[in-house]
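Chemist: 3D, please:
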Amino acid sequence: MLASTMNLDKCYQLLGICRGASLDQIKAAYRSLARKWHPDLNPDDLDAPQRFIAINEAYQVLLDTTQTRSTQAMPVNSASSPGTARTTHHTAPQPARTPQPSKNEDELKWQLYYELQSLLKQQQFLKAIVLIEGLAHHSPLDAQICQWQGIIYSQYGHQLIQRREFEKARIYLKKALKVDPHNKELWQEVDRAFNRITQLS
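Modeler: Numbers count the residues shown, from 1 in each chain. The predicted structure is shown next:
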């Protein structure tokens, strides 16, 4: 969970709200700051992508914390007689929760996906790498995100080859294979890139 990497006080500070703020206040603060720091609206600000990611991470932490607190605060149904109270408490045990992306997390993922597409078209690979690495840190087991990350590293490697920065290109090409090792098309693309480096160097 993100809570392990970003404490609650820092999250509240990033969103500019007080500890104990309501869910509506958290959402309102997030929407305002996400619009303010969206990389599309700040093309000349190199810090905007990182701020945008930090705001999204803080929002997810506070969202999870607030929802957990609300669930824990729900009253347990009680029966009118002691004889039935025991069965009321145990008739519907809650199964262990497995990590599932919330609706907000899924929306954020695809919002960032379209942002990544825009950055790649503009060949702004470093900004794209900042975004995808933040997203991968948030959801390290998401296969789609791993695939996107591998593609971005590979494309940046090709750009570095064109600039004859071969050592740096090798680093990013290897990173591409590391994050998405089972993608056959990616392996073929990276193999061609390494052959291109051999021809040029």
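Chemist: most centrally placed residue in the protein?
Modeler: Leu135 (2.6 Å; C-alpha atoms, centre = their mean).
Chemist: what's it in contact with, if anything?
Modeler: By C-beta atoms under 8 Å, 6 or more residues apart in numbering, the residues touching Leu135 are 53, 109, 112, 145, 148. All C-beta atoms are positioned from the backbone trio N, CA, C, and that covers glycine.
Chemist: helix or strand right after the lowest-mean-pLDDT helix or strand in the chain?
Modeler: The weakest-scoring helix or strand in the chain, judged by mean pLDDT, DSSP states H and E, is helix 82-90 (a mean of 41). Reading on from helix 82-90 to the C-terminus, the next helix or strand found by DSSP states H and E is helix 103-121.
Chemist: Following the chain past that next one, name the next helix or strand.
Modeler: From helix 103-121, the next helix or strand downstream (DSSP H and E) is helix 125-138.
Chemist: Can you mark which positions in that following helix are buried?
Modeler: 125, 127-132, 134-136, 138 (16 or more other C-beta atoms under 10 Å).
Chemist: now, the most widely separated pair of those?
Modeler: Phe125 and His138 (20.1 Å; C-beta to C-beta).
Chemist: got a list of contacts for stretch 141-148?
Modeler: Contacts for stretch 141-148 (C-beta under 8 Å, 6+ apart): 99, 101, 109, 113, 116, 132, 135-136, 139, 179-180, 183, 186.
Chemist: Just the C-alpha atoms of that stretch, please, in PDB.
Modeler: This file holds the C-alpha atoms of stretch 141-148, laid out as PDB (Å, rounded to 0.1, in the frame of the first residue of the first chain):
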ATOM      1  CA  LEU A 141       1.600  -6.100 -10.000                       C
ATOM      2  CA  ASP A 142      -0.500  -4.600 -12.800                       C
ATOM      3  CA  ALA A 143       0.500  -6.400 -16.000                       C
ATOM      4  CA  GLN A 144      -0.700  -3.600 -18.300                       C
ATOM      5  CA  ILE A 145       1.400  -1.000 -16.500                       C
ATOM      6  CA  CYS A 146       4.400  -3.200 -16.800                       C
ATOM      7  CA  GLN A 147       3.800  -3.500 -20.500                       C
ATOM      8  CA  TRP A 148       3.500   0.300 -20.900                       C
END
